[in-house]
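Visitor: Here is my input, please return the structure:
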Amino acid sequence: MKLLSIQEDEVLRIADHCSKKTMNMFIKVASLFIIEDTCRKSITDDLLEFSDDYSMIKRCCKFIPSRPYRKGEKRL
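Guide: Got it, this is the predicted structure:
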């Protein structure tokens, strides 16, 4: 529920919610949640990601293309 409640551009500090004993388990569960969440969403939706040192989880901004994607159209 903590991961679902993270809003866009918000950060969840893992140390604030877990003890040192449970931190590794939380990281493993969060990794599985992020993988499953990524598979269910479109590439342009907002996504969760870990920081480089696995101390925080952040919800990244939604990608908004500057113009609509047109599949199969090529201009010469």
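
Visitor: For the longest helix anywhere in the chain, buried residues please.
Guide: Ranked by residue count under DSSP state H, the longest helix found in the chain is helix 20-40. Residues 26, 27, 30, 34 are the ones in helix 20-40 that count as buried (16 or more other C-beta atoms under 10 Å). (Each C-beta comes from the backbone N, C-alpha and C, glycine too.)

Visitor: Look over these and name the one with the lowest pLDDT score.
Guide: The member of the buried residues of helix 20-40 with the lowest pLDDT is residue 34, at 87.

Visitor: so how far is residue 4 from it?
Guide: Applying C-beta to C-beta, to the nearest Å, the value for residue 34 to residue 4 is 12 Å.

Visitor: got it, and residue 26?
Guide: Taken as C-beta to C-beta, the span from residue 26 to residue 4 is 14 Å.

Visitor: same deal with residue 37?
Guide: Applying C-beta to C-beta to residue 37 and residue 4 gives a distance of 9 Å.

Visitor: The residue nearest to the spatial centre of the chain - nearest residue in space that isn't next to it in sequence?
Guide: With distances taken as C-alpha atoms, centre = their mean, residue 48 lies nearest the centre of the chain, 0.9 Å away. Among residues not flanking residue 48 along the chain, residue 34 sits closest, at 4.9 Å (C-beta to C-beta, 6 or more residues apart in numbering).

Visitor: so how far is stretch 7-20 from its chain's centroid?
Guide: Averaging C-alpha positions (C-alpha atoms, centre = their mean, to the nearest Å) puts stretch 7-20 13 Å from its chain's average.
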